[in-house]
Structure formats: C-alpha cells, structure tokens
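Novice: Mind folding the following:
(one chain, ligands or ions: 1)
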Amino acid sequence: MRLPSSLPPLRWLQRHAAGLLRLLYPPQCLGCGAAVPEVHVPLCASCVRRLERPAPATVLDHIRRLSGGERLASAQALWAFDTGGVVQRVQHSLKYGNRPAQGRTLGRWMRHLFPTAHADGGLVVPIPLHRTRHLERGYNQSALLAEGLADALGTSVRSALHRTRATASQTRLSRKQRQANVADAFAVRVPEALSGATVYLIDDVLTTGATLTAAAAALHEADVAAVHVATLAFARS
Ligand SMILES: [Zn+2]
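Specialist: You can find the predicted model right below:
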C-alpha cells in the first residue's frame, strides 16, 4: 500500500500535534525549568540527584512512634518533603495538575525503593480517595503512582481498598484527631483475593502515617502476608 504523498492540513496537524506542542512549549523540569526530554518526565536528572531520600528506618520509626503501625513490614519514601521546594511542586502537580503520565513516571521511579523485589505476585494497592473527592478531581494521584510502580515491578495494581466514609481533610488536625479521623475509614473489597499476598501500599505523602496505618489494618484483617508502605514524599510533621 502506498502512503499518500501529502496529507490534508487537518490530518497533518492531528498527526503532528504532539510534536508541534513540544516545539512550541518544550517540556520543562518542575524543579528548575530546564528542558526535559519528554512531557511525562517531571524532573531533570540534576534536580533528581539533589533530592534527599529518607532512610527507611527513619520512616518506619516515625510511623510507629506517631501512629502505631507495628505490623508494617517496611515503610519508605522516595523523597523528603521540602515545603516550598522541588518535591512540594512535584507533589502539587501530581495532585492537582492532571498529568497522569507524569504520575506514572514517578511511580516507576519508586521502583528504586525495592531493589530486591521481583515479580513475586505482590500486589500494588493505592490509598483510595473517597468517591466524592475522586469525582471532583477526576483521578486519584496515588493510583497513578501505583500504576507506575506495578509496571516497573512487573506486577499488577489492585484497587482493593475503599473508603467506608468521607474523612475530613487531615491538614489542620492534631495527631490524635488524625488517628480518630481515619480509624475504620477503610475496608477491603474482596478479602479472599488478598489472603496471603504481599502488598505494596502506595500514597503520595506520608505525614503522621495515620492514613496508611488505618489502611494497613484493613489489609491485615484480610489476612495479607505483609504490607510494605511506599510514598512519594515523607513530611516530618
Ligand atoms: Zn531540574
């Protein structure tokens, strides 16, 4: 079959729209504004190199001290949260920027948190948004991270958790109030499907760990073998 030598202008535009957009608005690093190779890459290599990765023991100790979480197998974050800094800009863009491809890239980068993990049938489970909030925003940022991580681990995402009720925004609550706010807020959809599974529980930001601990409790009720927590950012509150 011969390709037509010239395309009608509209078809040509449709075919080259992405390339033209890249030419007019070259994708930029959210950290420093330098050019990045693709729109789905949120940060340039030099910004990534400068970001701090919290020690896994520090993250786990923090959750255990503030929220319990004794049964967590591990807890890690890709980067330390930096109020007003690069990580906050990335997190804000992930949450409100509606750039799903960048969310999945960040999730793939979280693969570095599990250097020894293999495609062992582990399941990647995102912290769900409440239905109302999901409808308002149109997507769940933690689910995008989960998709990227699952892809990189060679396993699958399981939206196993749901919120049993809407919870107040955690931002202005005290630690005690946060724990009360999320207690019993999660339930597992099909508990039998999780029995014996290794679960990677994913959220965007870890503050006190109250949300993750409440979600992990619901997973343990479904008899999972282990819960490994991973978030994009760790905010020492
Ligand atoms: Zn940069």
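Novice: Is it correct that residue 209 is in contact with residue 60?
Specialist: No: here residue 209 lies out of contact with residue 60, judged by C-beta atoms under 8 Å, at a distance of 9.1 Å. No exception for glycine: its C-beta is placed from N, CA and C like everyone else's.
Novice: quick one: which of those two has more around it?
Specialist: residue 209 (28 against 18; other C-beta atoms under 10 Å).
Novice: Find the residue closest to the more buried one in space, skipping its chain neighbours.
Specialist: residue 63 (3.4 Å; C-beta to C-beta, 6 or more residues apart in numbering).
Novice: My guess is the one you found contacts residue 207. True?
Specialist: No: using C-beta under 8 Å, residue 63 makes no contact with residue 207, being 9.9 Å away.
Novice: Give me the common contacts of these two.
Specialist: Both residue 63 and residue 207 lack any common contact, where contact means C-beta atoms under 8 Å, 6 or more residues apart in numbering.
Novice: anything in contact with each of residue 209 and residue 60?
Specialist: By C-beta under 8 Å, 6+ apart, the residues touching both residue 209 and residue 60 are 69, 75.
Novice: now the strands: where do they sit in the chain?
Specialist: 74-80, 123-126, 156-157, 161-163, 186-188, 198-206, 226-234 (DSSP state E).
Novice: Out of these, which is closest to residue 136?
Specialist: Residue 136 sits nearest to strand 161-163 of all the strands of the chain, at 14.0 Å, using C-beta to C-beta.
Novice: Quick one: mean pLDDT for the lengthiest helix in the chain?
Specialist: Secondary structure of the chain per DSSP state H: the longest helix is helix 9-24. For helix 9-24, the mean pLDDT works out to 78.
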